[in-house]
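> have a look at this prediction, sequence included:
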Amino acid sequence: MTEVRFKYLHGFRDRHGHARYYFRYRGQRWSIPSPGEQGFAQAYEALLEYIKANPVPAPRNLVFLPGSLGSVIEKFMASSEYESRAETTKRNYRRILDLLREKFGTGMLRDLKPRHVKIIRNEIRDASTTTAADIAVGLISTLWDFADEELNLQLDADPTHGVKRVHKGEREHEPWPQDLIEAFMLKAKPSLRWGVRLALYTGQRRSDLVKMMWSQFDGEFIEVRQQKTDELISIPCHKLLRAELETMPRKAETILVGERGGPLTAASLSVMVSRTLREMGVTGYSIHGLRKNAGRALAATLNGRIKKRWPGRPWPSWNWLKVANPRTQRGETSGNPFVMSTI
């Protein structure tokens, strides 16, 4: 009997003895029915068409010289400094580091000058986005410090100093006006309103909002371990947030759930907020901007009295307050929940 082999198809038996098949292509993997099963031919042909339309370049067996940008990138990505960062940060960094290594890795790090950094920045800006270009400049500075401190390379001054950012910023990270907050609360479905309320009164990132547990709420505080910093913090609940939490149905271990009661992801929370804003005819704002609403208010009102009232709590560093300080950001205190009433 002739044995037919399908390119990219790999199979194995799981611990229950069942045959499992996957279509593998250069680091990507898709589950697929077994050969002979209904749907296999259609799925296999569709995957062949997909990789034909979206090819992934074959990896190059390139060895970088010691002291080159590519070599420093590889050592940095294998270091504890890189590994200690949050998974989302590492994922974002890796995309830019791979691009730097692929296009500019053969150059010697010590030869980098500000004019070269600007060329790299502009090429990435043109090929990708202005945000990616600015991240690349920041990463070159990080690599420079790493090479100087950990690899003992003889380097001059950091060539990224004085190189301007090219991303101008957008309104979507701006704090929400008070009238928009009130209109959104009237428009939004309950599950989404609760998510926005948590963001408005805690100032936490989306990834932390969706992981807040009922067991972490004691009636006065919400404790959360931040995904990005791995820091355990205790957040005092504003009285309006307490009232909301005390009346919310507890459908799961997490405070926030989807419309059907299932888990809510950071991405889906953002999409739901953006969709509701569009339905309201509003553009230029996102859930991220609510961090500034909370931060600006806290920066203006948290003058030490809360720490005196509740000593011994694991307080956050509130690093994000600096982006929301009324003295450094334009605008008034409209939309600041902590200005409306005392905690």
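Right, received. Where do you want to start?

> poorly predicted segments of the chain, please.
1-3, 27, 57-61, 169-172, 296-343 (pLDDT under 70).

> now do the strands in it.
9-13, 19-25, 28-32, 221-225, 232-236 (DSSP state E).

> surely residue 238 and residue 201 touch.
Yes - with contacts counted by Cβ atoms under 8 Å, residue 238 reaches residue 201, the gap being 4.6 Å. Every C-beta, even on glycine, is put in place using the N, C-alpha and C of the backbone.

> out of those two, which sits in the more crowded spot?
residue 201 (26 against 21; other Cβ atoms under 10 Å).

> name the nearest residue to that one, sequence neighbours excluded.
Counting by Cβ to Cβ, 6 or more residues apart in numbering, residue 201 lies nearest to residue 241, which is 4.0 Å off, once chain neighbours are set aside.

> one more: residue 118?
residue 163 (5.9 Å).

> so residue 96 sits right up against residue 137, yeah?
No - between residue 96 and residue 137 there is no contact under Cβ under 8 Å: 9.8 Å.

> show me the helices in the stretch 1-150 of the chain, by range?
Here the stretch 1-150 of the chain has its helices, by DSSP state H, counting those that start in this stretch, at 40-53, 69-77, 80-83, 87-104, 114-127, 130-150.

> check which helices and strands the first one is in contact with.
Using 3 or more Cβ pairs under 8 Å, 6 or more residues apart in numbering; DSSP states H and E as the contact criterion, the neighbours of helix 40-53 among helices and strands are strand 19-25, strand 28-32.

> can I get the strands of the chain in JSON lines with mean neighbour count and distance to residue 39?
Shown next, in JSON lines, are the strands of the chain (neighbours: other Cβ atoms under 10 Å; distance: least, Cβ to Cβ, whole Å):
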{"stretch": "strand 9-13", "mean neighbour count": "12", "distance to residue 39": "14"}
{"stretch": "strand 19-25", "mean neighbour count": "15", "distance to residue 39": "12"}
{"stretch": "strand 28-32", "mean neighbour count": "15", "distance to residue 39": "9"}
{"stretch": "strand 221-225", "mean neighbour count": "18", "distance to residue 39": "42"}
{"stretch": "strand 232-236", "mean neighbour count": "19", "distance to residue 39": "47"}
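
> closest one to residue 269 among the ones you listed?
strand 221-225 (15.1 Å; Cβ to Cβ).

> what's the angle from the closest one to strand 232-236?
Relative orientation of strand 221-225 versus strand 232-236 (axes from the mean of the first three to the mean of the last three Cα atoms, to 10 degrees): 160 degrees.

> hey, C-alpha coordinates of strand 221-225 in PDB?
Coordinates of each C-alpha in strand 221-225 appear next as PDB, following Å, rounded to 0.1, in the frame of the first residue of the first chain:
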ATOM      1  CA  PHE A 221      -9.900  48.000  49.500                       C
ATOM      2  CA  ILE A 222      -9.200  46.000  46.300                       C
ATOM      3  CA  GLU A 223      -5.900  44.200  46.200                       C
ATOM      4  CA  VAL A 224      -4.400  43.300  42.900                       C
ATOM      5  CA  ARG A 225      -1.000  42.000  41.700                       C
END
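
> name the helices or strands packed onto it?
Strand 221-225 sits against strand 232-236, with contacts defined as 3+ Cβ pairs under 8 Å, 6+ apart.

> where's the strand it packs on relative to the chain centroid, distance-wise?
21 Å (Cα atoms, centre = their mean, to the nearest Å).

> that strand pairs with which strands, and in what direction?
strand 221-225 (antiparallel) (DSSP bridges).

> ok, and what's touching the partner strand?
The contact list for strand 221-225 (Cβ atoms under 8 Å, 6 or more residues apart in numbering) reads 202, 204, 208, 211-212, 216, 231-237, 310, 313-314.

> between those, which sits nearest residue 245?
When these are ranked by distance to residue 245 (Cβ to Cβ), residue 237 comes first, at 7.1 Å.

> show me what contacts the closest one?
Residues near residue 237 by Cβ under 8 Å, 6+ apart: 201, 217, 219-222, 245, 343.
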